[in-house]
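[1] Need coordinates for the below:
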Amino acid sequence: MIARYSLQPCNLLFLAAFCAALAAALPASSAASTAQPVAATQAFVQTLPDKLRTHVQLSFVSDSRFGFDWVPGTRPGVSLGELNDTQRDALRDVLRSVMSPAGAQAAEAIVIVEKALGEIEGNPGFRDPGRYWLTVFGEPSNGKIWGLRFEGHHLSANFTLNGDKVLSATPSFFGSNPETVPSGPHKGLRPIAAKESRAWALYDSLTPEQRERARSGGGLFGGFKTSSGTRTFDAGAPDGLPASAMTAPQREKLSALIDAYVSLAKEDFAARYRSEVVSGEAGTLYFHWRGAEKQGEAFFYRIQGRRLMIEHDAHDGALHVHSIWRDKDLDFGGAAYR
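    Below you'll find the model as predicted:
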């Protein structure tokens, strides 16, 4: 049974300030962080007292590295609720060293939405923005293979690195409930808006015949083909409309939708991934759609290639959204590291 996590009053005050600081950071400059992963992670670890330092670092070969999830609960590592202002700033530098500005802002926004969800549900003790954990796997050092995860409800950002070079940014899960914050100081905040708007732009561009083909196969909201806590996956044959049956403008929209996922990672990794994987997968991709014909209703889409897998569901009237990006060959750094 998962133990409940509780915050002391001082930490509750800190988290209120933390969420306010995150909100203020969301419209900040889009310039990429100059922090490098090894230095940023080492600096964060050095801010921690010995007790927390022993919690944050696990072996690179620990089974915990593969136990990613996106439901509420405790995680190994060090949580936001255990950190002071200095440590929180150092943790943010770590995130910005492996994510693009858009990716770091999306992760920060998910923490804010968790706080908003607690207020909406009247259960702030359960929907706790302190329950997001950073875990380091192995030794962050130049010339060494190591891993990093930032995870909590609706978020699992997993990275495998060789020194400062990001080898893998998958599995990657970003979700939000509500999809759009309806009121309060964060009204209108949408952590993963591009994954929705670009999907609708593609679906709306399809002809009736293409839509029928996109809807072929699979079942309505039968769940993701991939699942949490798995080192790799076997998704079987793809469903839906092949990219080869799309027009050139439609294929551009498909590429833009994929990039809503890839572009959340650090730009040098994202550029390599676009060139080596997305372009290479172009001839194998399929687009599958189930559910709504218009925005505001529940829907699901999947993009599947030989190795690339993207799945997104929007349920509860499209107010509750989940999205996952996986790579059969590259998850957790690839077969050599899992």
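[2] This structure: strands as residue ranges?
    Using DSSP state E, the strands of the chain run over 57-58, 78-79, 132-137, 145-152, 155-162, 165-168, 172-176, 241-242, 286-291, 299-304, 308-315, 320-327.
[3] Of those, give the one that comes closest to A256.
    Among those, the nearest to A256 by CB to CB is strand 299-304 (11.7 Å). Bear in mind the C-beta positions are built from the backbone N, C-alpha and C, glycine included.
[4] Give me the contact list for the closest one.
    Identification of contacts with strand 299-304 by CB atoms under 8 Å, 6 or more residues apart in numbering yields 199, 203, 218, 220-221, 225, 235, 238-240, 254, 257-258, 285-292, 309-314, 318.
[5] Please convert the buried members of those residues into ChimeraX selection syntax.
    Buried residues within these, by 16 or more other CB atoms under 10 Å, are selected in ChimeraX with:
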select :199,203,218,225,235,238,239,240,254,257,258,285,286,287,288,289,290,291,292,309,310,311,312,313,314,318
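[6] So in the protein, which helix runs the longest?
    Longest helix in the chain by number of residues (criterion: DSSP state H): helix 101-121.
[7] Name the residues of that one that come out as buried.
    Buried residues in helix 101-121, counted by 16+ other CB under 10 Å: 101, 103-118, 120.
[8] can you tell me the average pLDDT over stretch 285-302?
    Averaged over stretch 285-302, pLDDT sits at 94.
[9] could you check the distance from E108 over to E212?
    Plainly put, E108 is 40 Å away from E212 if you go by CB to CB, to the nearest Å.
[10] ranges for the helices of the stretch 1-150 of the chain?
    Using DSSP state H, counting those that start in this stretch, the helices of the stretch 1-150 of the chain run over 9-25, 37-47, 50-56, 85-98, 101-121.
[11] Buried residues of the second one, list them for me.
    Going back to what we said before, that points to helix 37-47. Neighbour-count burial for helix 37-47 flags P37, V38, A40, T41, Q42, F44, V45, T47 (criterion: 16+ other CB under 10 Å).
[12] neighbours around the nearest residue to D268 once chain neighbours are set aside, how many?
    Nearest residue to D268 in three dimensions, chain neighbours excluded: V166, at 7.3 Å (CB to CB, 6 or more residues apart in numbering). For V166, the count of nearby residues is 24 (other CB atoms under 10 Å).
[13] In contact with V166, which residues?
    V166 sits next to P37, V98, F159, T160, A265, K266, D268, F269 when contact means CB under 8 Å, 6+ apart.
[14] Apart from its chain neighbours, what residue comes closest to D329?
    Excluding the flanking residues, the one nearest D329 by CB to CB, 6+ apart is R307, at 4.6 Å.
[15] Next up, the contacts around that neighbour.
    Here R307 is in contact with V277, E281, D327, K328, D329, L330 (CB under 8 Å, 6+ apart).
[16] Model confidence score at the second one, please.
    Right, the one you point to is E281. Predicted confidence (pLDDT) for E281: 92.
[17] from what I can see T226 touches H322, true?
    No: between T226 and H322 there is no contact under CB atoms under 8 Å: 11.1 Å.
[18] Now for the nearest residue to E179 once chain neighbours are set aside, how many residues are close by?
    Distances taken as CB to CB, 6+ apart put V321 closest to E179, at 4.8 Å, once the chain neighbours are dropped. V321 has 25 neighbouring residues, counting by other CB under 10 Å.
[19] Just to check, V321 is in contact with A314?
    Yes: using CB under 8 Å, V321 makes contact with A314 at a distance of 4.7 Å.
[20] overlap in contacts of the two?
    E179, E196.
[21] do you know how far S59 is from E139?
    Noted for S59: a distance of 10 Å to E139, by CB to CB.
[22] swap that for D234, sorry
    Taken as CB to CB, the span from D234 to E139 is 32 Å.
[23] More neighbours: which of these two?
    Just comparing D234 and E139: by other CB under 10 Å the higher neighbour count belongs to E139, 14 against 8.
[24] can you pull up the bridge partners for the closest residue to the more buried one other than its chain neighbours?
    Distances taken as CB to CB, 6+ apart place W146 nearest to E139, at 5.9 Å, with adjacent residues excluded. For W146, the beta-bridge partners under DSSP bridges are L161.
[25] Quick check, pLDDT for W146.
    98.
[26] before we move on, what about the one 3 residues further on?
    The predicted local confidence for R149 comes out at a pLDDT of 98.
[27] and it, what is it in contact with?
    Contacts of R149 by CB under 8 Å, 6+ apart are R65, F68, G77, W133, L134, T135, F137, S156, A157, N158, F159.
[28] measure Y203 to H288 for me?
    The gap separating Y203 from H288 is 11 Å, by CB to CB.
[29] same thing with W133?
    The gap separating W133 from H288 is 33 Å, by CB to CB.
[30] one step back: let me know the closest of the contacts of R149 to A335.
    Checking these one by one against A335 (CB to CB), the nearest turns out to be R65, at 14.4 Å.
[31] That closest one contacts F332, correct?
    Yes: between R65 and F332 there is a contact under CB under 8 Å: 6.8 Å.
[32] what residues are shared contacts of these two?
    Overlap between the contact sets of R65 and F332, as judged by CB under 8 Å, 6+ apart, is given by G147.
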